[in-house]
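# What shape does this take:
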Amino acid sequence: MTTFKEISGQLIRTLTSDPTNPEEGQIWYNSTLGVLRGVDQLEAWSSAGPLGTARYALAGAGTQTAGLAIGGGTPGNTSATEEYNGSGWSTGGSLGTARRQLTGAGTQTAGLAIGGFITTAGVANTEEYDGTSWGPGGNLGTARRLLGGAGTQTTGLAIGGFITPSATTTATEEYDGTAWTAGGALGTARYRLAGSGTQTSALAFGGTLFPPEVIVADTEEYDGSAWTTGGNLNTAKSNLAGAGTQTATLAFGSPAVAESYNGTSWTNTASLATARGNLGGAGTQTAGLAFGGYPGGAVTALTEEYNKSANRYFGAAWASGGNLGTARSALSGAGTQTAGLAFGGYTTANSNSTEEYDGSAWAGGGNMGTARENLAGCGIQTAGLAIGGFDTASSNATEEYDGSTWAGGGNLGTARYLLSGAGTQTAGLAFGGYTTVNTNVTEEYDGSAWTAGGNMGTTRRAFAGAGTQTAGLAAAGFTTTQVTSTEEYDGSTWTAGGNMNTASYLLAGAGTQTAGLSFGGSTSTAPTTATEEYNGTLWTTSTAMATARRALGGAGTQPVGLAFGGFTTAIVANTEEYNAAYSDFNIRTLTTS
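The predicted structure is shown next:
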């Protein structure tokens, strides 16, 4: 009988615990559990940060860790471009021509936007992306929409589509970075199809015939001059997306079950969490990206990642925590997700209540000396700092918490509320806020007194704050309207950082200057669930909170954040815990069944 060593070249080792860094296909005997264990390949879709702009009939390009979402409908045409970094989306340069029902090709730093629909008909427009901005490229020979695309910015491919008058086309065109020329015609004229691969080794699959309107499973393969028949999809699909190469493609959309092509035939694989058509796609057969679309009833911003590997992928997520003992808004917070501090705020009047969080439940702490709302906070659960706020007027009060009792600290130089705080109890930072007008004042605390720091570049109130006294972060807020601007503090001077994707105010912040987290708040119309992560340069979208709210409290770090209280249509006690995306090995117990 052939042994495992003869097959793999390895012995089955006996270990007291699972290895911390196993390899795919590795097998071992866990003597503590008394079982045979191994690393197996897994196919799954997982949730990721949503698009900043919900839309359908958009184009996609790039990879799972460097994706591009281009144009689309909101339902009106949009020129919005967004860039994906492997966890969330950030704003890119706008298309020159807003449109939907276009296709894309290339990479995040060398993208191609092809064709589409503007008002009444398909267009021939082509635009090229350099990672920052779009510029005009050569026009298609045949104007069209709902077409397929493949290839790169300098070797692109436009496949089929819908033209005017109302008819589909077999036309294929090849792009050389400057102009389009005619290629071999598709065997079957269709629109709402998907494409993948390169200019000389492409795949066209799915779509709709017209007239009559019939959804098909047809697959065709292109060799750079002619199309030949490939294996049919298992399920006829239209308005789908695809990623990969001619011999290794992933097809996904609606129905939810994705399919994988090996160069000959399609095999059903893992299902999307949300079935949807008119979506964008990018990536490869083993690392795909699905975003936007129209799942029925409304346009969506949903993003999902497909992975086929020995790792399990877990998207960022908010989970319910224990409710505050006292529902309140306009409160402040400090500490961590497992040792949090909530203090002050507003119920039906200003509050001096303090509560401590242990990772599952809140318990009462010592009351503040001064009841106030819209104050700032920083520090930890056993060494917190409460700064400014509003009692009967703008307050300059500072209080220090030792884990059981609040005591007076040095007063702020400028009384204010709707300000932000960062740092620790002995090295605190207070910045911005409102007196009778917005202010840009920054003050630094040494554990006993406040001294002037460098003024912010933008006077604002009701913004998110995070970081330390020498590496602070201020994001969004209200000037004369909601803003997206970010500023970074180096201990003496504020400088501009990357803009947020969503303009909001009355939001909460956590983390550091190079790993910041913002959540909740209010847009111009309503409380929001928006969550964003900052890497020191860019803000990217992340998984939305379960409860939209403004004037909430926040604490923790970017990987493990805490949101509590706030206002929806009423004051709430809700607590939510944030956990950033992560992956681990797909280790399983091996059996004979």
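
# For residue 518, list each beta-bridge partner.
Here residue 518 shows beta-bridge partners residue 509, residue 532, assigned using DSSP bridges.

# Just give the number of residues close to it.
32 (other CB atoms under 10 Å). Yep, even glycine has a C-beta here, placed from its N, CA and C like the rest.

# Which residues are in contact with it?
By CB atoms under 8 Å, 6 or more residues apart in numbering, the contact set of residue 518 is 464, 475-476, 500, 507-509, 530-532, 534, 539.

# Narrow those to just the buried residues.
Neighbour-count burial within those applies to 464, 475-476, 500, 507-509, 530-532, 534, 539; the criterion is 16 or more other CB atoms under 10 Å.

# Pick the one among those closest to residue 112.
Nearest to residue 112, judged by CB to CB, of the buried ones among the contacts of residue 518 is residue 539 at 26.1 Å.

# Quickly note the distance from residue 31 to residue 38.
15 Å (CB to CB, to the nearest Å).

# neighbour-wise, which of those two wins?
residue 38 (18 against 11).

# what about residue 560, how many neighbours?
Counted with other CB under 10 Å, residues neighbouring residue 560 total 18.

# let me fix that: residue 491
Residue 491, neighbours per other CB under 10 Å, totals 14.

# host element of it?
Assigned by DSSP states H and E, residue 491 falls within no helix or strand.

# Now it. Nearest residue, chain neighbours left out?
residue 470 (3.7 Å; CB to CB, 6 or more residues apart in numbering).

# Run a quick neighbour tally on that neighbour.
Neighbours of residue 470 (other CB under 10 Å): 15.

# Can you give the domain ranges for this protein?
When the chain is parsed with automatic domain parsing, its domains come out as 4-39, 44-308, 321-555+568-579.

# for the buried ones among the contacts of residue 518, which one is nearest residue 150?
With CB to CB as the yardstick, the closest approach to residue 150 among those comes from residue 539, at 31.5 Å.

# Can you name the residues that contact the closest one?
When contacts are counted by CB under 8 Å, 6+ apart, residue 539 touches 90, 475, 486, 498-501, 518, 532-533.

# is it true that the residue nearest to residue 491 touches residue 493?
No. Using CB atoms under 8 Å, residue 470 is not in contact with residue 493; the gap is 11.1 Å.

# In the chain, where is pLDDT below threshold?
Counting by pLDDT under 70, the chain has low-confidence residues at 1-10, 24-25, 39-40, 586-588, 590, 592-593.

# Tell me where it has helices.
Assigned helices in the chain, in chain order: 4-8 (criterion: DSSP state H).

# before we move on, the earlier item: looking at the domains of the chain, spot the one closest to residue 585.
Nearest of the domains of the chain (CB to CB): domain 4-39, 5.6 Å.

# ok so, going back, okay, the contacts of residue 518 in a markdown table with distance to residue 559 next?
Putting the contacts of residue 518 into a markdown table (distance: CB to CB, whole Å) gives the following:
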| residue | distance to residue 559 |
| --- | --- |
| 464 | 17 |
| 475 | 18 |
| 476 | 21 |
| 500 | 19 |
| 507 | 19 |
| 508 | 16 |
| 509 | 15 |
| 530 | 18 |
| 531 | 13 |
| 532 | 14 |
| 534 | 13 |
| 539 | 16 |
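
# farthest-separated two in those?
Top of the distance list for those (CB to CB): 508 and 539, 14.6 Å.

# Do a quick rundown of the strands in the stretch 351-500 of the chain.
354-357, 362-364, 376-380, 383-387, 398-401, 406-408, 420-423, 428-431, 442-445, 450-452, 464-467, 472-475, 486-489, 494-496 (DSSP state E, counting those that start in this stretch).

# Which one of those lies nearest to residue 204?
That would be strand 486-489 among these, by CB to CB, at 43.2 Å.

# name the helices or strands packed onto that closest one?
For strand 486-489, the packing partners by 3 or more CB pairs under 8 Å, 6 or more residues apart in numbering; DSSP states H and E come out as strand 472-475, strand 494-496.

# at 10 Å instead, please
On a contact count with 3 or more CB pairs under 10 Å, 6 or more residues apart in numbering; DSSP states H and E, strand 486-489 meets strand 428-431, strand 442-445, strand 464-467, strand 472-475, strand 494-496, strand 516-519.

# Which parts of it count as buried, going by neighbours?
Judged by neighbour count (16+ other CB under 10 Å), strand 486-489 contains these buried residues: 486-489.

# contacting residues for the residue nearest to residue 491?
By CB atoms under 10 Å, 6 or more residues apart in numbering, residue 470 lies in contact with 422-423, 427, 429, 444, 489-492, 513.
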